[in-house]
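> This is a predicted model, with the sequence first.
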Amino acid sequence: MRKIYFLLGLLLFTACEDGRQVDMDIDSVVYILNSGLQSVTLDNSNLTYDLWLYKGGYNDDQLTVMLTIDEQALNTYNEENGTSYVLMPSSCYSFKSTTITLGKSGDLDYSDYTTVTFSNLSDLSSGNSYVLPVSISCDNSDLINEDKSTVLLKINME
């Protein structure tokens with residue numbers, strides 16, 4: 001009987017290894033949560049949109065991400081999809097911030113957002129569909145998920 005307990009104990013202690021490293025480091029990747037064409041419905045009581053960014057990976061890297069208006073992305077989308085969306089004039093939007101830091105030192109801030117505030121929408125021509133194309137970039141472009149690096153905000157008023 002003791003032999004059975006001894007063998008079970010030996011088996012139990014040798015089977016506990018899961019192979020994970022304690023100092024594991026997985027490279028960062030940054031992306032826009034809701035990328036691609038997003039239809040945004042606004043009304044006069046709410047003229048804002050929260051644009052969320054995420055940083056994946058398992059490490060302590062701190063990344064600063066910049067947001068830019070990407071007219072080329074809009075042109076490419078129009079060509080590939082047979083659409084004729086128009087770039088929203090700069091007088092119709094503003095960003096709370098165009099720079100976001102993810103993975104702040106000591107924090108687990110792997111996501112953050114900026115608020116886009118829309119204004120002067122009544123000045124837009126009613127016959128056009130307006131889009132705000134926003135792309136992200138950072139110092140190391142290898143960290144950007146290219147498939148999720150741009151959002152096209154198509155604005156609809158209620």
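In hand now; what should we look at?

> Spell out for me which residue occupies the centre of the protein.
In the chain, the centroid-proximal residue (CA atoms, centre = their mean) is Ile32; its distance is 1.7 Å.

> which ones are touching the nearest residue to it once chain neighbours are set aside?
Nearest in space to Ile32, with sequence neighbours left out and distances taken as CB to CB, 6 or more residues apart in numbering, is Val151 at 5.0 Å. In this view, the C-beta of every residue, glycine as well, is placed from N, C-alpha and C. The contact partners of Val151, taken as CB atoms under 8 Å, 6 or more residues apart in numbering, are 32, 34-36, 38, 51, 133-134.

> Tell me the spacing between the residue nearest to the centre of the chain and Tyr54.
The gap separating Ile32 from Tyr54 is 8 Å, by CB to CB, to the nearest Å.

> Would you map the helices across this protein?
2-14, 71-81 (DSSP state H).

> Comparing these, which yields the minimum mean pLDDT?
Across the helices of the chain, helix 2-14 has the smallest mean pLDDT, namely a mean of 61.

> My guess is Ser111 contacts Lys55. True?
Yes - Ser111 lies in contact with Lys55 (CB atoms under 8 Å); the separation is 7.2 Å.

> Output the longest strand belonging to the chain.
The residue-count maximum for a strand in the chain (DSSP state E) belongs to strand 48-58.

> how about that strand: buried residues?
Across strand 48-58, burial judged by 16 or more other CB atoms under 10 Å covers 49, 51, 53-55, 57.
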